[in-house]
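*Asks:* can you look at this prediction? I've put the sequence above it.
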Amino acid sequence: MTQPENYPIAKSQDHAIGVVGAGQMGHGIAHVMLRAGHAVMLLDTSQALVDAGAKRIIKGLARDVEKERMTEEQRQQAVTRLKTTTALADLGAADFIIEAVTEKFDVKAYVFRSLEPHCPPETIFASNTSSISITRLAAATQRPGKFIGLHFFNPVPVMKLVEVVPGLQTAPETVEKAISLATSVGKTAVRVNDFPGFVSNRVLMPMINEAVFCLMEGVADAAGIDNVMKLGMNHPMGPLELADLIGLDVCMDILKVLYESLRDPKYRPCPLLEKMVAAGWLGCKAGRGFYEYPKK
Ligand SMILES: NC(=O)c1ccc[n+]([C@@H]2O[C@H](COP(=O)([O-])OP(=O)(O)OC[C@H]3O[C@@H](n4cnc5c(N)ncnc54)[C@H](O)[C@@H]3O)[C@@H](O)[C@H]2O)c1
C-alpha cells in the first residue's frame, strides 16, 4: 500500500473536532480530520444538509481506500468517529470548533455567539473564512485569545495548504495548537497576518474578477481565457473554471469584503459576476456557472 509522505492516517484520536457547516468546505474539513484519526461532530442547519455532508464524506473515505490511501479497517474506524447534529449544544465536548458557514460576518458572528454558552473557555474557535477579519470575529466572542483563522483550500482532501491567521488578540498558544492541528492532518501551515483576503484571496480574487471582466468585454470566450492562463502561465486550472469550483457566490462575497475593507475600487465585483450570482448560476454546485456541469 502506498502511503504518501506526510499523510497521517489514524495516528491517534488526539482531538474531538466540531465542524459547523457541512457544505463544500465543512464536509472536506471533516473528511481530513476523520482520516487523520480525530473524532468529528458535524453540524448544519437541517438534518438533510448534515446527511448530505456525511454522505460526501463517506464517499470520500471509500475513495481513499480505492486509491490505497487507507485500509478498509481504517475507513470503518473513521466512519464510526463521525457524528452529525443540528444542535449546537452537541459541540460542547469539542477541543476545536471549525466554522465553515456562509461568508458573511453576521452569520459567522451569530454562530460563534450561539456556541459560546455550550463550550468551556479552553475550547478553541477557528474560522475557515476566506476574507473576513479574524480580529473582528474574535472580538465578537468572549474568547478572543482562543480564536484563530484556519483557512483550508478547496478541495480540502487534496490541497496541501492551510493559512493560519492569528487575530490581534490571538494567544501564541492558540497559534501553536492550530499549526499542530493543521500539521496532524498532513497540511502545510503557513502563518499569515490578518488582512482582508489574507495572502491567498488578496492575490487570487482580483485575477478571477479580471477574467470575468475579460469575458464580459468579449476579450475571449470562457474556454479561451482559461486556456491562456493554463497553457501560457502554467496554471493547473483556468480562473473561470476555478471560480466555478469555488462557487461564484463565495467569490462575490470575498470580493465585497476586499472592496469594503480596503476601500479600493480595484476589488469591485464585476457586474457579470453579480448577474450570474443573481441568476443562481453559482458554478459546479449549481450545475451551471461559466461552464455547464450535468448531474452525474
Ligand atoms: N468554496 C471554497 O472554495 C472555499 C475555500 C476556502 C474557504 N472557503 C470559506 O468556507 C466557508 C464556507 O464556504 P463553502 O464553499 O463551504 O459554502 P457552502 O455554501 O458550500 O456551505 C456553507 C454551509 O454552511 C451552512 N450554514 C449557513 N448558516 C449556518 C448556520 N447558522 N449554522 C450552521 N450551518 C450554517 C449552510 O447550510 C451550508 O451547508 C466560507 O467562509 C468560505 O469563504 C470557501
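*Replies:* Cool, the structure landed.

*Asks:* get me the contact residues on the chain for the ligand.
*Replies:* Residues of the chain lying near the ligand by C-beta under 6 Å from any ligand atom: 20-26, 43-45, 49, 100-103, 107, 111, 128-130, 153-154, 246-247, 250. No exception for glycine: its C-beta is placed from N, CA and C like everyone else's.

*Asks:* and the residues you listed, which of them are buried?
*Replies:* Buried members of the residues of the chain next to the ligand, counted by 16 or more other C-beta atoms under 10 Å: 20-26, 43-44, 49, 100-101, 103, 111, 128-130, 153-154, 246-247, 250.

*Asks:* what about the residue lying closest to L258 once chain neighbours are set aside, how many residues nearby?
*Replies:* Closest residue to L258 apart from its sequence neighbours, by C-beta to C-beta, 6 or more residues apart in numbering: Y267 at 3.9 Å. Counted with other C-beta atoms under 10 Å, the neighbours of Y267 add up to 21.

*Asks:* hmm, Y267 is touching M207, no?
*Replies:* No - with contact defined as C-beta atoms under 8 Å, Y267 does not reach M207; the gap is 11.7 Å.

*Asks:* what touches both of those two?
*Replies:* Here Y267 and M207 have no joint contacts, going by C-beta atoms under 8 Å, 6 or more residues apart in numbering.

*Asks:* which residue does the chain have closest to the ligand?
*Replies:* Residue nearest to the ligand within the chain: G23 (2.0 Å; C-beta to the nearest ligand atom).

*Asks:* pLDDT score for that residue?
*Replies:* Here the pLDDT value assigned to G23 is 96.

*Asks:* next, the contact list for it, please.
*Replies:* Contacts of G23 by C-beta under 8 Å, 6+ apart are D44, L49, G53, A100, V101.

*Asks:* mind showing which ranges of the stretch 1-150 of the chain have poor pLDDT?
*Replies:* Within the stretch 1-150 of the chain, the segments meeting pLDDT under 70 span 1-14.
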